[in-house]
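Colleague: return atomic coordinates for the entry below.
(2 chains)
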2 protein chains.
Amino acid sequence: MNIDSSALAALASRYSQGPKYMVAPAPSRAQWQQAADLALRAPDHGGLRPFRFVLVSEDQRASLAELFVNAARRWGQSEAEELQRAHDRAWNGPGLAALIVRLREGEPEVPAHEQLICAGAGLMNFLNALHLMGYAAKTLSGAALRDPALQAAFCQPGEQLLAWVLAGTPSKPAAARQAAADAPAVLSDWVPPNLAR
Amino acid sequence: MNIDSSALAALASRYSQGPKYMVAPAPSRAQWQQAADLALRAPDHGGLRPFRFVLVSEDQRASLAELFVNAARRWGQSEAEELQRAHDRAWNGPGLAALIVRLREGEPEVPAHEQLICAGAGLMNFLNALHLMGYAAKTLSGAALRDPALQAAFCQPGEQLLAWVLAGTPSKPAAARQAAADAPAVLSDWVPPNLAR
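Modeller: Model prediction:
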């Protein structure tokens, strides 16, 4: 059997990298497209395609900043420093994409949790592609995402803005993070129950 | 920038393949472990590791078959043919792993949907690894998974058995599936709203 060890090793060296260690250039439009196309290799029960990505360009950051500041105000922030931080976050990452999910109801064969599993799988391949192109990337979320005006600015009815993907050229190699001490073994052997005969 | 085109092309050629087109050998224990380790490269907000895999060995298929038959009975099936089908499903796939998810509550920073996104990302890399090792694989789920005795036979308290991953040596190349005609574009450019000034 032909084992692609170099591809396996390349994927195994992917780690999240914060925007502090990203510089220009960002992925090109064609590279973002290639990453999104690879996301479509996710297992997708029923072919629902429950996710998509929306690119925010450099010249749209000011519009995003305004949404962030308005969201911060709605969350009760009013100090100039807090609002400035919310504003500046819109420029995080040389490249920026939004992960949008649409969970369809009334799909008895494909419950909502499977649609989220599909979106997560798509996100993994999106990140894998960026990594294999040489970019650092990080997925970010947080309570501010739930702001209704921000959601409305990215979503069609029935969709949710779930996370940001920041990407850029790494200014230092990304490093592994320590797993939680109580993390379960990721692989184990089944121990069948004693079945009543 | 150094772009790993061959790894990108290898990932882009991954498609699900049904057990009908899988033959022995199955992945070895070491290969399943390598796939599970690659799953840990998923973005994991908070480091919760909300997923794990459980291997079902060849000599445990009869125990699994008994659980499948009992589940079929609880679902109201009683004809010999139906029960035989439920029984035989336990031998589907030369190799078999269960995907188990644990959704922790009370993690304000990491809502349940993000934990599912992480599990989906882990699943994607699990499948990617099997593919890069030359194996065909398929993720299967369905209502029968929800059987309480089956769940109890695989899960610790708070966990859920979410899907099966079948893997084996492909007896024919896997093929692309047609996307749904109404599938949205997987990548688009943001159109900022007209913000009130």
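
Colleague: C-alpha from now on. contacts and neighbour counts both.
Modeller: Fine.

Colleague: any idea of the angle the top helix by length along chain A forms with helix B:112-132?
Modeller: Using DSSP state H to define each element, chain A has its longest helix at helix A:112-132. Counting by axes from the mean of the first three to the mean of the last three C-alpha atoms, to 10 degrees, helix A:112-132 lies at 60 degrees to helix B:112-132.

Colleague: C-terminal to helix A:112-132, what's the next element?
Modeller: Per DSSP states H and E, helix A:112-132 leads on to strand A:136-140 as the next helix or strand towards the C-terminus.

Colleague: where exactly do the strands run in chain A?
Modeller: Along chain A, the segments classed as strands by DSSP state E run A:22-23, A:51-56, A:95-102, A:136-140, A:159-170, A:187-189.

Colleague: let me have those in JSON lines, extended by mean pLDDT and distance to B:Gly46.
Modeller: Shown next, in JSON lines, are the strands of chain A (pLDDT from 0 to 100; distance: least, C-alpha to C-alpha, whole Å):
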{"stretch": "strand A:22-23", "mean pLDDT": "97", "distance to B:Gly46": "22"}
{"stretch": "strand A:51-56", "mean pLDDT": "97", "distance to B:Gly46": "23"}
{"stretch": "strand A:95-102", "mean pLDDT": "97", "distance to B:Gly46": "19"}
{"stretch": "strand A:136-140", "mean pLDDT": "97", "distance to B:Gly46": "11"}
{"stretch": "strand A:159-170", "mean pLDDT": "97", "distance to B:Gly46": "15"}
{"stretch": "strand A:187-189", "mean pLDDT": "94", "distance to B:Gly46": "20"}
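
Colleague: poorly predicted segments of chain A, please.
Modeller: Chain A contains residues with pLDDT under 70 at A:1, A:179-180, A:195-197.

Colleague: A:Gly122 and A:Arg41 touch, don't they?
Modeller: Yes: counting by C-alpha atoms under 8 Å, A:Gly122 does reach A:Arg41; the two are 7.1 Å apart.

Colleague: out of those two, which sits in the busier spot?
Modeller: The residue with more neighbours, out of A:Gly122 and A:Arg41, is A:Gly122; 32 against 23, by other C-alpha atoms under 10 Å in any protein chain shown.

Colleague: any chance of the strands of chain A in a markdown table, plus mean neighbour count?
Modeller: Shown next, in a markdown table, are these (neighbours: other C-alpha atoms under 10 Å in any protein chain shown):
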| stretch | mean neighbour count |
| --- | --- |
| strand A:22-23 | 21 |
| strand A:51-56 | 25 |
| strand A:95-102 | 24 |
| strand A:136-140 | 23 |
| strand A:159-170 | 23 |
| strand A:187-189 | 17 |
